[in-house]
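>>> Turn this into a structure:
(2 chains)
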Amino acid sequence: MYDNEFNAIFEKAKDKVDDIEILLSSGKSFSVRIHNQNVESFDYADSIGIGIRIIKDGRVGYAYTEELSDEAFSLIIKEAVANSETVENLEPVFFSNFPDLEQKLDIYSEELDKVKVEAKIDIAKKLESLALAADKRIFNVPYAAYSDGYGYAKIANSKGLHKESKTNHCVAFLMVLAQEGEDKKSGSDFIITRDFQKINPEKLVDKAVRQAIDLLNAEKPDTGQFPVVINNETMGALLSTFSGIFSAKNVQEGKSLLKGRIGQTIANSIVTIIDDGLHPDGMSTAPFDSEGYPSQKTLLINKGILTSFLHNNVTATIDKTKSTGNASRSYKSSLTVSPTNFVLQSGDYSKEDLLKSYDRIIELVSLQGLHSGANPISGDFSLAAEGFLYEKGVKKTGLSDFTVSGNFFQILQDIEKVGNDEIFNMQSCSAPSVLIKKISISSKSKQ
Amino acid sequence: MISKELIAKVLDCALSNGADFAELFLENTYNSTIRFYNGKTQQSVVGKDFGIGLRVFYGKSAIYAYTSDLSEKSLLAAAEAISKADQNDKIITPRELKNQQITNIHKMILPGENVAKKDKIDFIRIIDSTARGFNERVLQVDLTLLEKKQDILIANSEGLHVEDQRNYTRIFTMIIASNDKESQTCFDGPGALAGYEFIKTLDPVKIGADTAKSAVTMLSAKYAPSGTFPVVIDNGFGGVIFHEACGHSLEATSVAKGASIFAGKLNQQIASEKVTAIDDGTIENKWGSTNIDDEGTPTQKTILIDKGILKSYMIDKLGGRKMGMESTGSGRRQSYRYAPTSRMRNTYIAPGNDKFDDMIKSIDFGLYAKKMGGGSVLPGTGNFNFSVAEGYLIQNGKIAAPVRGATLIGNGGEILKKISMVSDNLDFSEGMCGSISGSIPTCVGQPAIKVDQIIIGGR
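Below is the predicted model of the structure:
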C-alpha cells in the first residue's frame, strides 16, 4: 500500500538529501461508551500521517505531514533539510536494509475486523447493566466502554529497506462508583485482547464491583513502614513508569542512574526482567521497530544482574553494540528508545502465599498520580494508594487515604518473593504480584 | 480551507438519518519543536496536523468521526457513517451558514516563522550556559521550544461558520542535578497564547539560574515528613490544588452523569468563605485562553465559586443538553482527533486579604510547598493527589530546611473547607491538562493559601 506516495517522496528527495527514511502510519478505530443504557458517545477514527528522517552532510532533519499531497511532500523535504542545518550534534546515524524477522507473528485477527457494531454496543451495555445489578451500593457507572483499533505501519529507506505490518486489538473497560453513607469508592477493570470472544463482562464486573465495595468505609492506616504486597496490575504500572531507566538513550543523556552498571547486581536474585517484542499476548508486539530493525527478546535483568540496555541503531552505534529493536518514533516525533512489552518474570508463589509471609501485610491494589508523583530519573516516588490490610493471610479491612513512598531502585533490591500471577496491564507491561520487605506509608499523624 | 457549499452538503448528509445537530471542525496546524541538550541543538521537527472532525447529536447521545482525507468523497462517506449510527426519520435541515466575525483579543505581534532559528537557539543557549555555570552539580539541561499555529474552522447546523487562528509559544526547561549517588530534577515551562514576542519578555538568565537553584537545593534536601499537617501552598503553580481537588469535578463531563461529588450542589456551600474561584478564558494572551471554544462558542469568564458557594459548572454543548443549561464556552479538545468536552481554561482562586508572612507564622510544624508538579483526581470520589516539586519545613513559624518532593493527597469535598487563609499575591502558571478530549493548554493560578490539614506522603 501507499507505493505511489513513497515513490513520489523518494523521487522528490533524490537530489536534495544524502539519505532518507519514510515512516507512514495509518489507523482506524472505533469506540462506544454507554451511560444509562444509552449510547453516550460513539467515535470513529481514520487517521494517517507520514514522517521523514533525512541525512544531509552528516546531519539529521525531521518533518511530517498529515496531508498527503505533492505540495505537502515537497514542503516536508524542504523543511527537513532546513531543520538538519540547525542541528549541532553529529549523531552516528545511518540507514540500512535490515533483515526481516524469521518467525511469523500472530498480531492481526481477521475475525475481530468482522465483529458487528451491535455486538460491540451490547458488550458495553452489558457491562453497565450487570454492574448496576451486582450490588445496590453501586450508584453510577461512569465508564462502560468498548473500543477497538486497527493499525498499519510502513517504513522504507533509501538503502532499499521496505517493510509493512498490520495489527489490531480490542479493549473493554469498566469503572464503577459505590456509595455507603457519605463514603464513595471506585473500582475498575479492563481486558485488552485480539479475541473478541475472550471478553467476559461478568468477570470484569465482578472484579470492578468487588474492588469498589471492599474499599467502602476503608480505614486510614497508621503512618510508618510496613511489608507490602504490590498486586500484579499495580506492579505493572510501577514498572512501566520506571522502564526508562533501561533506555540506552537516557543512559547516554545522563538520565539514568544505571550508567556504567552493566554486569552489576542491581536487584534481588529472584528478579528477572525482559523486554519482549515478540510476546504472543503483548500489545506492542510487532515484526520490526521504527527503524525497520527486527524485533527481539532482550534480557535486561537476569537473576538480579543488569545485563543489557535497550537500544536503537543510533544508541547502539555510540555504544559499539547492536540494536535491540527498540527504536521508537511516531511520524510526528524524533527517534528515541522505548520498551516493547516489558515483563517481570513470574516466580513460584501464589498470591495467598505472599499475603501470609508476615503477620501484618498491606496489599496495594491501586496507585494514583504516577505521572506526577514518581521521578523516572531518581527513582523516587510518593503516590496516593488504596489497598487492604491482611493479618496472618486473612483480609481484615480496606485501606484508603494514604500514600506510599519509596525508591524504585530500592524496590528492586527489596523484592523478597515474586508471585506467579503475571498479567499484562494497559501499558504493555506484564508483572506478577510481589512481596516487598518494607515501604513507607503515610496517613494518620503519629500520636 | 474548504468551500461553504461542501460544508453545507456534509452537514446535510450528517443529519440525514434523524440527528438533531451536526458540527464540523476543521484544523490545519503547524507545529515546530526545537530540542536542545548536552549543550547542543539535537533535533528540530516541524510538521502539519491536518484533518476534520464531524459530530452529530441524537438528543443526548453524540457520534464523532474524524479523518485527514478532505476529499468530497471521503467527507461525505464520514458524514454518512455517523448519520447511520442511529436510524430515524430526518427531522431537521441545516440552517444557512453565516460567517461570524470574531474579535481577536489575543493579538500576535511576531510570528515564530519570521524569527531566525539561530536567534531562537541563541536564547536557548543562554538558559543552558547560565544553568551549567550556576553549580557544578548541574548534570543535564534539556530545553524544548514549542511553537504551534492552529487554524480552525467550525461550522454547524445552527448556521454557525467561524474561523480563528491560535498561536502558542512555550519554552520548557528541565534541569537534572546529581551528586553521583542521587539526582534531582526541576522544571520550568512558561508559555502563552502569543507569538515569539512572548519569548522576548522572558529573562533566560533568570530561568536558567532559578531552575538550577531549585534542582541543586533539592539535592541536599531530606525526605518530607509523613502524616497529616498544615501546609502553605505558594502562588502560581500552587493552583494545581484547586485544579485537581475541585476543577475537574466541576466539569460537565462528570457532573452531567452524576459522577462528580459536586453534582447537584449549585448554590450550596462547598468551600470555605475565603474561597472565590474563577475559570476565565478571556485573559489576554494567557496560555489557557481562546477567542472561541472548540465548538465556536465565545469564551467566557465563569465564576465557579463565590465566597464558598458553588455558582456554576464548566459546560460544553453536549453537557448543556444533558444538564438543561447553557454552554459556558468550555468545549475544548486537543485536535480534530477528539470530540470536544467541557474543560478548564485559566482556573484560579481569587486574591484574599491575608499576608504570606502571617500564614507561615501561624504554623508550629508543617510544610511550605513552594513549587508544585502535576496531579490527578477521580471526580466520582473526589480523591485527588498532586506532587510538591520544591518544599520546605515550617518550624516554629519560620521557613526551615528544604525537603524532597512528596505527594499531597485529600478529598476535594473536604479540602476546600480547610482553606483557612488566602493571601493577596495572585499568580498563574502554565501547564498541559489531560482528559478524555486530549491534552490541552490550561493555566492554574492562586495567591498563596494555607490548608489546615492535608496528608503528606513523605518517608
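
>>> got the contact list for the one residue in the stretch 101-250 of chain A that gets nearest to chain B?
Evaluated by C-beta to the nearest C-beta, the stretch 101-250 of chain A has residue A:142 as its residue closest to chain B, separated by 3.8 Å. For every residue, glycine as well, the C-beta is placed using N, CA and C. By C-beta atoms under 8 Å, 6 or more residues apart in numbering or on different chains, residue A:142 lies in contact with A:35, A:175, A:176, A:177, B:254, B:257, B:259, B:380.

>>> Near the residue nearest to the first one when sequence neighbours are not counted, how many other residues are there?
To tie it back to what came earlier, the one meant is residue A:35. For residue A:35, ignoring the flanking residues on the chain, the nearest one in space by C-beta to C-beta, 6 or more residues apart in numbering or on different chains is residue B:257 at 5.2 Å. When neighbours are counted by other C-beta atoms under 10 Å in any protein chain shown, residue B:257 registers 21.

>>> out of everything not next to it in sequence, what's closest to the residue of the stretch 101-250 of chain A closest to chain B?
Spatial nearest neighbour of residue A:142, excluding adjacent residues (C-beta to C-beta, 6+ apart): residue B:259 at 3.8 Å.

>>> thought that neighbour was touching residue A:140?
Yes - if you go by C-beta atoms under 8 Å, residue B:259 and residue A:140 touch, sitting 5.1 Å apart.

>>> Name the nearest residue to the residue in chain B positioned nearest to chain A, sequence neighbours excluded.
Chain B approaches chain A most closely through residue B:457 (2.8 Å), counting by C-beta to the nearest C-beta. Sequence neighbours aside, residue A:403 is the residue nearest to residue B:457 in space, at 2.8 Å (criterion: C-beta to C-beta, 6+ apart).

>>> Tell me which helix or strand the residue of chain A found nearest chain B sits in.
At 2.8 Å from chain B, residue A:403 is the closest residue in chain A, using C-beta to the nearest C-beta. Per DSSP states H and E: residue A:403 is located in strand A:394-407.

>>> How about the residues of the stretch 351-459 of chain B by chain A?
B:373-376, B:378, B:380-387, B:404-407, B:409-411, B:455-459 (C-beta under 8 Å from any C-beta of the partner chain).

>>> from those residues, which would you call buried?
Buried by 16 or more other C-beta atoms under 10 Å in any protein chain shown: B:373-376, B:378, B:380-387, B:404-407, B:409-411, B:455-459, out of those.

>>> show me what contacts residue B:158?
Contacts of residue B:158 by C-beta under 8 Å, 6+ apart are B:21, B:94, B:95.

>>> Need the phi and psi values for the residue nearest to residue A:35.
phi -100, psi 20 (degrees, to the nearest 10).

>>> quick one: it and residue A:34 touch, right?
No - between residue B:257 and residue A:34 there is no contact under C-beta under 8 Å: 10.8 Å.

>>> Which residues are in contact with each of these two?
By C-beta under 8 Å, 6+ apart, the residues touching both residue B:257 and residue A:34 are residue A:40.

>>> on that earlier part again, mind putting the contacts of residue B:158 in JSON lines, secondary structure and neighbour count included?
Compiled in JSON lines, the contacts of residue B:158 are given as follows (DSSP: H, G, I helix; E, B strand; the rest coil; neighbours: other C-beta atoms under 10 Å in any protein chain shown):
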{"residue": "B:21", "secondary structure": "strand", "neighbour count": "21"}
{"residue": "B:94", "secondary structure": "coil", "neighbour count": "21"}
{"residue": "B:95", "secondary structure": "coil", "neighbour count": "13"}
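
>>> Relative to residue B:134, which of those is nearest.
Checking the contacts of residue B:158 against residue B:134 by C-beta to C-beta gives residue B:21 as the nearest, at 55.9 Å.

>>> out of everything not next to it in sequence, what's closest to that closest one?
With C-beta to C-beta, 6+ apart, the residue lying closest to residue B:21 is residue B:57, at 4.1 Å.

>>> what does residue B:243 give?
Closest to residue B:243 by C-beta to C-beta, 6+ apart is residue B:444, at 4.7 Å.

>>> show me what contacts that neighbour?
B:236, B:237, B:238, B:239, B:240, B:242, B:243, B:347, B:348, B:428, B:429, B:431.

>>> Thanks a lot, catch you later.
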